[in-house]
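K.L.:
Please find the sequence and the predicted model below.
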Amino acid sequence: MTEKGSAFLDLMGGEVFRDGSQGVKIRLTIEPHHTNPRGVMHGGVVASLLDEAAALAIKELLGLRPQDSGPHLLVEMNVSFLAAARPGDTLEAEASVLRMGRRVAFAEAQVHRGKTLIAKGRFTFVMQHD
Amino acid sequence: MLCNMTENLSQLGIKGEAARSPFSGFIGNVLEERRPGYSRLSLKIEARHLDSSGRLHPGVLATMMDSALGAALRDVRRKDEEGIPGGTVAMDMMVLQVVREGEELVAEGRLLRRHGALAFGEAEVKKRGDGTLVACAYFVFAIGRGSPR
């Protein structure tokens, strides 16, 4: 079952889905327009997948739907790019919340191609409650 | 390090950012200036760049800065490294300001040091006009082979 993500995820062609395990995941098949000048996946693509997955994990914990607006605002992102991906590769991103405080939340996310870890990210969000 | 020479992009044969970097061009980045170790690009924020809260998606900022630094590093490679795969190895990004649809952003990327197969760089994104700092980042790129020159 797929669900709607952000406008930018839609632009990239990613889809939000649940596979029966806990939480939501994102899937994206790399196409030529996702590449950098050297023909491999652009770093911005994987950073976007990681960020979207982290945001979805926070919303899930808050009982919000993927398309809902959330109270989280990214302030810091750290990404390690561990392996390349090329057109035709299908990637999956998932994330978990490390700690959810009233003012700050921490999350980590990873992107896999099959069993190969492509990238890992850690995120700090400020929580804006009305 | 940085060179003061500004190259005319049309003389370089650049026909749009998509021809240089497909994903950078796909999101709408416009390369405005490039010289060895430096580049500047811009992007007008549209609805397609937003997250579910109606703010700019952080992935767009990461893409702008990664693209700016990638362009800055193009002329840093040696001729014998042209065919060697490379790309971003690590990125540390901070976001300081919310951006909304209709605003125009400018990203600059600068080489800090090349050491062997690695290049270290920094990038920042500011709002066009008032120059408000939106985001900044440090990057490590794999760009070639060999020992430090």
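P.N.:
Nice, I can see it. Just so you know, these numbers come straight off a predicted model, no measurement behind them.

K.L.:
Now do the helices in chain B.
P.N.:
Listed in chain order, the helices of chain B (DSSP state H) span residues B:17-20, B:22-27, B:58-73.

K.L.:
Dump these to a markdown table, plus distance to chain A.
P.N.:
Backbone N, C-alpha and C define where each C-beta goes, glycine included. Conversion of the helices of chain B to a markdown table gives the following (distance: least, C-beta to the nearest C-beta, whole Å):
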| stretch | distance to chain A |
| --- | --- |
| helix B:17-20 | 6 |
| helix B:22-27 | 4 |
| helix B:58-73 | 3 |
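
K.L.:
Give me whichever of the ones you listed is most buried.
P.N.:
The highest average neighbour count among these, using mean count of other C-beta atoms under 10 Å in any protein chain shown, belongs to helix B:58-73 at a mean of 29.

K.L.:
pull the CA atoms of the longest helix along chain A into PDB?
P.N.:
Of all the segments of type helix in chain A, defined by DSSP H, the longest one is helix A:43-61. Provided in PDB are the C-alpha atoms of helix A:43-61 (Å, rounded to 0.1, in the frame of the first residue of the first chain):
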ATOM      1  CA  GLY A  43      24.200  13.200  -3.400                       C
ATOM      2  CA  GLY A  44      21.200  15.400  -3.100                       C
ATOM      3  CA  VAL A  45      18.900  12.500  -4.000                       C
ATOM      4  CA  VAL A  46      20.000  10.300  -1.200                       C
ATOM      5  CA  ALA A  47      20.100  13.200   1.300                       C
ATOM      6  CA  SER A  48      16.500  13.900   0.300                       C
ATOM      7  CA  LEU A  49      15.400  10.300   0.800                       C
ATOM      8  CA  LEU A  50      17.100  10.200   4.200                       C
ATOM      9  CA  ASP A  51      15.500  13.500   5.300                       C
ATOM     10  CA  GLU A  52      12.000  12.400   4.100                       C
ATOM     11  CA  ALA A  53      12.400   9.100   5.900                       C
ATOM     12  CA  ALA A  54      13.400  10.800   9.200                       C
ATOM     13  CA  ALA A  55      10.500  13.200   9.000                       C
ATOM     14  CA  LEU A  56       8.100  10.300   8.300                       C
ATOM     15  CA  ALA A  57       9.400   8.400  11.400                       C
ATOM     16  CA  ILE A  58       8.700  11.500  13.600                       C
ATOM     17  CA  LYS A  59       5.200  11.900  12.200                       C
ATOM     18  CA  GLU A  60       4.500   8.200  12.700                       C
ATOM     19  CA  LEU A  61       5.500   8.500  16.300                       C
END
